[in-house]
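Chemist: Mind folding the following:
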Amino acid sequence: MGRSAGRAADRADRLPVRGGVRLHPAPGDPALAGLAGGRAGSPLPGFLNPDKFKIGFAHDASDEDAAFLRDSQVPINMSAFSTPLTNAAWRDKPSWAVIATEDKAFDKAMLRHMAECINANITYVTASHAAYATQPAVVADAINRAAQGALSVAHA
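Modeler: Modelled structure (predicted):
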């Protein structure tokens, strides 16, 4: 996908900054390339590019599973990226993060930086962005550890 440096910079400039880090897709983000477009040529925003969905979002899923994920996607609520927080829970509550080391949808350095900034307990998993579907046991284990950790803090 040929993008000029000018186009990449322009695109990144439209994305918000959180915690001093500009949120941006991974370099060469094939699935997110169609984010501003829509499903099957529709102008609806918030859908990942259906033609490039598997390679950019779920490259480690079977063709059948990637097709299901692609076809069942709902639009991303784009306002979530620009709505200011009034009270970030991570400031006074423990946090956890699962970072997929083969994620092509978001820059791993950005994800790691954000997780480290909130002092999250980080689980790394060799998976695409769709780790919840391709590595469900690892993700479920991280959720279980987070729930147990949150309970222990609540009862302390």
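Chemist: Give me the helix or strand of the protein that scores worst on average pLDDT.
Modeler: The weakest-scoring helix or strand in the chain, judged by mean pLDDT, DSSP states H and E, is helix 5-13 (a mean of 28).
Chemist: The nearest residue to Ala61 once chain neighbours are set aside and Ala89: what is the separation?
Modeler: Counting by Cβ to Cβ, 6 or more residues apart in numbering, Ala61 lies nearest to Thr134, which is 5.2 Å off, once chain neighbours are set aside. All C-beta spots, glycine's among them, are computed from the backbone N, C-alpha and C. According to Cβ to Cβ, to the nearest Å, Thr134 stands 28 Å off from Ala89.
Chemist: do the same with Met78
Modeler: 22 Å.
Chemist: What's the local residue count around Ala61?
Modeler: 20 (other Cβ atoms under 10 Å).
Chemist: brain fart, Gln148
Modeler: Quick note: Gln148 (other Cβ under 10 Å) scores 10 neighbours.
Chemist: which of the residues in the host helix or strand of it are buried?
Modeler: Element membership for Gln148 (DSSP states H and E) is helix 136-154. Buried positions in helix 136-154, judged by neighbour count with 16 or more other Cβ atoms under 10 Å: 138-139, 142, 146.
Chemist: so for stretch 81-94, what's the average pLDDT?
Modeler: Averaged across stretch 81-94, the pLDDT comes to 83.
Chemist: What of stretch 108-119?
Modeler: Mean per-residue pLDDT for stretch 108-119: 90.
Chemist: Could you report the separation of the closest residue to Ala150 other than its chain neighbours from His155?
Modeler: Among residues not flanking Ala150 along the chain, Pro94 sits closest, at 6.5 Å (Cβ to Cβ, 6+ apart). Using Cβ to Cβ, Pro94 is found at 13 Å from His155.
Chemist: Could I get the full set of helices for the protein?
Modeler: 5-13, 53-57, 63-71, 108-117, 131-134, 136-154 (DSSP state H).
Chemist: Of the ones you listed, which is nearest Thr123?
Modeler: helix 136-154 (4.2 Å; Cβ to Cβ).
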